[in-house]
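Participant: I would like the atomic coordinates for the input below:
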Amino acid sequence: MSSSPAATTLAGASPISQASPLVIRVIGACALAHLINDLIQAVLPAIYPMLKLNYGLSFAQIGLITLTFQLTASLLQPWVGYHTDRHPKPWLLPAGSLCTLVGILMLAFVGSFPAILLASALVGIGSSTFHPEASRIARLASGGRYGLAQSTFQVGGNAGTAFGPLLAAAIIIPYGQGNVAWFGLFAAFAIVVLYGLSRWYRHHLTLFKLKQGGVATHGLSAGRVKFALLILALLVFSKYFYMASFTSYFTFFLIEKFDLSVASSQLYLFLFLGAVAAGTFFGGPIGDRIGRKQVIWFSILGVAPFSLLLPHVDLFWTGVLSMVIGFILASAFSAIVVFAQELMPGNVGMIAGLFFGLMFGFGGIGGALLGYLADIHGIEEVFLICSFLPLLGILTALLPSLKKQ
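Facilitator: Purely as a prediction, here's the structure:
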């Protein structure tokens, strides 16, 4: 991914004219790396039923695995983003993927619950270095189409999350935990892709201003900006607490309520996550055209009627509604991230790290809490309780209306 002579003209080009084949290729490489990163992460919840059986784990212990991974992924991300906004570190990309490789190989051969927690933490640390830096590169290469770049980057991750359970069902579930090691090949390939991205990033630091749009044009006070960020954080909470019920426990819900096999339940999870990937792709470009706030309105509050219906329908409609929910709900995240970046221009990495961190953190806390509730009240009751969370989308009314840039 070396620079070309044409690339030297990018610094003075208009935002739209920057969308050259070279830049598009970089965004695609970011999305591919995100696909691999999140595919590896998705292996962990996909093998929860196997781990539960092999080690005699409770739902609360399953939740602790999720919490360990999500917290290591979330706590470091805002700091990494804040630091690299001011002191770019291109080498962090391949280094983080190396940490993921070690974690996934450990997961293949561990023999105890504490070792599973350590392996999960290592995968989380790898993720914490990946998201802020790769998200920033996608934005730098966007040519001004920030929503499109963010959603393309994010859809790579969602696609990886969708394919993870499917590959786990084909490679790991039938043949045993040791076959998790095959996913180390994906991590090794990711190191190669990220090394190429880090070289492009290093060569183009002089052509792009890291603090793109460094002067705020929205005219909001610092207090109003902080309040808007708080509202966005609450919306991320509602979205990812609800998403945690699917990513960690949807297979258990289907097995318990409809007596499905593990392999069949993984197929339904794949369909849900595939719908999430599709919804993510459309959220960013639509936000570029009609505004981020409108997308956030529709994505979170608009899913409430379907989430409230899901616990009360049969298997066919459970599959249909889960895909509708995944598609609609997923369109919010790209819009939320870009909205927040427009609130605080010049802090692209920190904002990306903060909101990816909140995504993982809320997902982890949600996974642990919902596991505890499932042990006490049953998994079906958990889905009934979670069905009300999208109603928090009404908080979107409190967001300011930013001028379209």
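Participant: drop to CA atoms for contacts and neighbour counts, all remaining ones
Facilitator: Will do.
Participant: Any buried residues in the host helix or strand of G326, and which?
Facilitator: Secondary structure from DSSP states H and E places G326 in helix 315-330. Residues 318-319, 321-330 are the ones in helix 315-330 that count as buried (16 or more other C-alpha atoms under 10 Å).
Participant: Any chance of CSV for the residues you listed, columns distance to I191 and pLDDT?
Facilitator: Shown next, in CSV, are the buried residues of helix 315-330 (distance: C-alpha to C-alpha, whole Å; pLDDT from 0 to 100):
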residue, distance to I191, pLDDT
T318, 38, 95
G319, 36, 94
L321, 37, 96
S322, 34, 95
M323, 32, 94
V324, 35, 94
I325, 34, 94
G326, 30, 91
F327, 30, 89
I328, 33, 90
L329, 31, 87
A330, 27, 81
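Participant: before we move on, the earlier item: from the chain's centre, how far out does the helix holding G326 sit?
Facilitator: For helix 315-330, the separation from the chain centroid amounts to 18 Å (computed by C-alpha atoms, centre = their mean, to the nearest Å).
Participant: Does anything pack onto it? Which helices or strands?
Facilitator: If contacts are counted by 3 or more C-alpha pairs under 8 Å, 6 or more residues apart in numbering; DSSP states H and E, helix 315-330 sits against helix 262-290, helix 304-309.
Participant: and those helices, which is most packed in?
Facilitator: Across the helices and strands packed on helix 315-330, the average number of neighbours (mean count of other C-alpha atoms under 10 Å) peaks for helix 262-290, which reaches a mean of 22.
Participant: okay, the angle between that helix and helix 315-330?
Facilitator: Angle of helix 262-290 versus helix 315-330, following axes from the mean of the first three to the mean of the last three C-alpha atoms, to 10 degrees, is 40 degrees.
Participant: mean confidence for whichever helix or strand comes after helix 262-290?
Facilitator: Next helix or strand after helix 262-290 toward the C-terminus (DSSP H and E): helix 292-296. The pLDDT scores in helix 292-296 average 82.
Participant: Also stretch 348-357?
Facilitator: Mean pLDDT, taken over the full extent of stretch 348-357, equals 75.
Participant: And for that stretch, what's in contact with it?
Facilitator: For stretch 348-357, the surrounding residues in contact (C-alpha atoms under 8 Å, 6 or more residues apart in numbering) are 73-85, 128, 131-133, 135-136, 210-211, 233, 236, 337, 340-341, 344.
Participant: Just the buried ones out of those, please.
Facilitator: Neighbour-count burial (16+ other C-alpha under 10 Å) is assigned, among the contacts of stretch 348-357, to 73-82, 84-85, 128, 131-133, 135-136, 210, 233, 236, 337, 340-341, 344.
Participant: Mind checking which of the residues you listed are in helices?
Facilitator: When helices are assigned by DSSP state H, the members of the buried ones among the contacts of stretch 348-357 inside them are 73-75, 77-82, 84-85, 128, 131-133, 135-136, 233, 236, 337, 340-341.
Participant: If I look at V236, what pLDDT would I see?
Facilitator: Predicted confidence (pLDDT) for V236: 87.
Participant: now the one 4 residues further on
Facilitator: Among the per-residue scores, Y240 shows a pLDDT of 84.
Participant: My guess is it contacts G363. True?
Facilitator: Yes - contact criterion C-alpha atoms under 8 Å: Y240 and G363 qualify, at 5.3 Å.
Participant: give me every residue that touches the residue nearest to G326 when sequence neighbours are not counted.
Facilitator: Using C-alpha to C-alpha, 6 or more residues apart in numbering and skipping residues adjacent in sequence, the residue nearest G326 is V276, 4.5 Å away. By C-alpha under 8 Å, 6+ apart, the contact list for V276 reads 158, 323, 326-331.
Participant: Which one of those is nearest to P114?
Facilitator: N158 (28.4 Å; C-alpha to C-alpha).
Participant: For the helix or strand containing that closest one, buried residues please.
Facilitator: Using DSSP H and E, N158 maps to helix 146-171. Using 16+ other C-alpha under 10 Å as the burial criterion, the residues of helix 146-171 that qualify are 146-169, 171.
Participant: now do stretch 197-206
Facilitator: Residues of stretch 197-206 classed as buried: 197-198, 200-201, 204 (neighbour count, 16+ other C-alpha under 10 Å).
Participant: and the helix or strand bottoming out on mean pLDDT in the chain, what does it pack onto?
Facilitator: Least confident element among the helices and strands of the chain, by mean pLDDT, DSSP states H and E: helix 77-86 (a mean of 75). When contacts are defined as 3+ C-alpha pairs under 8 Å, 6+ apart, helix 77-86 packs onto helix 113-140, helix 348-377.
Participant: Specify the angle between the last one and helix 77-86 in degrees.
Facilitator: With the same axes, to 10 degrees defining the directions, helix 348-377 sits at 170 degrees from helix 77-86.
Participant: per-residue pLDDT, S17?
Facilitator: S17 carries a pLDDT score of 39 in this model.
Participant: And L185, by the same measure?
Facilitator: For L185, the predicted pLDDT is 91.
Participant: That one: neighbouring residues, count only.
Facilitator: By other C-alpha atoms under 10 Å, 12 other residues sit near L185.
Participant: count of residues packed around Y175?
Facilitator: Neighbourhood size, Y175 [other C-alpha under 10 Å]: 12.
Participant: Sorry, wrong one. I was asking about H87.
Facilitator: For H87, the count of nearby residues is 11 (other C-alpha under 10 Å).
Participant: what do you get for the one 3 residues further on?
Facilitator: Around P90 there are 22 other residues, counting by other C-alpha under 10 Å.
Participant: Can you tell me, leaving aside adjacent residues, what's nearest to it?
Facilitator: Leaving out its chain neighbours, the residue that sits closest to P90 by C-alpha to C-alpha, 6+ apart is S198, at 4.7 Å.
Participant: what sits against the one you found?
Facilitator: 90-91, 93-94.
Participant: L118: neighbouring residues, count only.
Facilitator: Neighbour count for L118, taken as other C-alpha under 10 Å: 18.
Participant: Against Y48, how distant is it?
Facilitator: According to C-alpha to C-alpha, to the nearest Å, L118 stands 16 Å off from Y48.
Participant: so where's this protein shaky on pLDDT?
Facilitator: 1-22, 206-219, 283-284, 287-288, 349, 360, 403-405 (pLDDT under 70).
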